[in-house]
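1. here you go, sequence then predicted model.
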Amino acid sequence: MLTYRIEDMTCGHCASTIARAVRAADAHARLQVDVREKLIHIQPGDADEEDLVAAISDAGYHPIPVVVAEQDRDPARTTSCCCGSGEQASAAAGIVRPGAQRKTDTCRAVGG
């Protein structure tokens, strides 16, 4: 999994533009985008890292590589909710925004 901080990603439109650029370079890539933290996690499919970085740069953004601890790379985890339900938000677009989820009964019970 590749992780980049993109300081000039400030909104959902930026995230969509970056996601389209990555998907144009690698149609099989899996993405997780966190606009609030300005992070994008990419699980490459067919393209190499250089091609993905070039695609993001060509879209007008400046990706900075980030080293992430292994437990933080698990796409089923989210910092906003104990159950990981935030990962379903915007799944059709391939963009995940933690905190945009529907809370489950378990979440409500533990105050998540």
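-> Thanks, I have the structure now. Numbering: from 1, shown residues only.
2. please make it C-alpha for all contacts and neighbour counts, starting now.
-> Will do.
3. export the lengthiest helix in the chain to CSV, keeping only CA atoms.
-> Secondary structure of the chain per DSSP state H: the longest helix is helix 12-25. Only the C-alpha atoms of helix 12-25 are listed here, as CSV (Å, rounded to 0.1, in the frame of the first residue of the first chain):
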residue,chain,number,x,y,z
GLY,A,12,-14.1,16.6,-2.2
HIS,A,13,-13.5,18.0,-5.7
CYS,A,14,-9.8,17.7,-5.2
ALA,A,15,-10.2,14.1,-3.9
SER,A,16,-12.3,13.3,-7.0
THR,A,17,-9.8,14.8,-9.4
ILE,A,18,-7.0,12.8,-7.8
ALA,A,19,-9.0,9.6,-7.8
ARG,A,20,-9.8,10.0,-11.5
ALA,A,21,-6.1,10.6,-12.2
VAL,A,22,-5.0,7.5,-10.3
ARG,A,23,-7.7,5.4,-12.0
ALA,A,24,-6.7,6.7,-15.4
ALA,A,25,-3.2,5.5,-14.7
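4. hmm, who's touching that helix?
-> With CA atoms under 8 Å, 6 or more residues apart in numbering as the test, helix 12-25 has contacts from 9, 29, 31, 33, 35, 47, 51-52, 55-56, 59, 61, 93-95.
5. pull the most distant pair out of these.
-> Greatest spatial distance among the contacts of helix 12-25 (CA to CA): Val35 and Ala47, at 23.3 Å.
6. who's more crowded, the two?
-> Taking other CA atoms under 10 Å, Val35 and Ala47 do not tie; Val35 has more neighbours (23 against 16).
7. who's in contact with that one?
-> With CA under 8 Å, 6+ apart, Val35 has these contacts: 9-12, 15, 97.
8. tell me where this protein has helices.
-> Counting by DSSP H, the helices of the chain are 12-25, 49-58, 105-110.
9. pick the most buried one from those.
-> Mean neighbours per residue, mean count of other CA atoms under 10 Å, is largest over the helices of the chain for helix 12-25, with a mean of 19.
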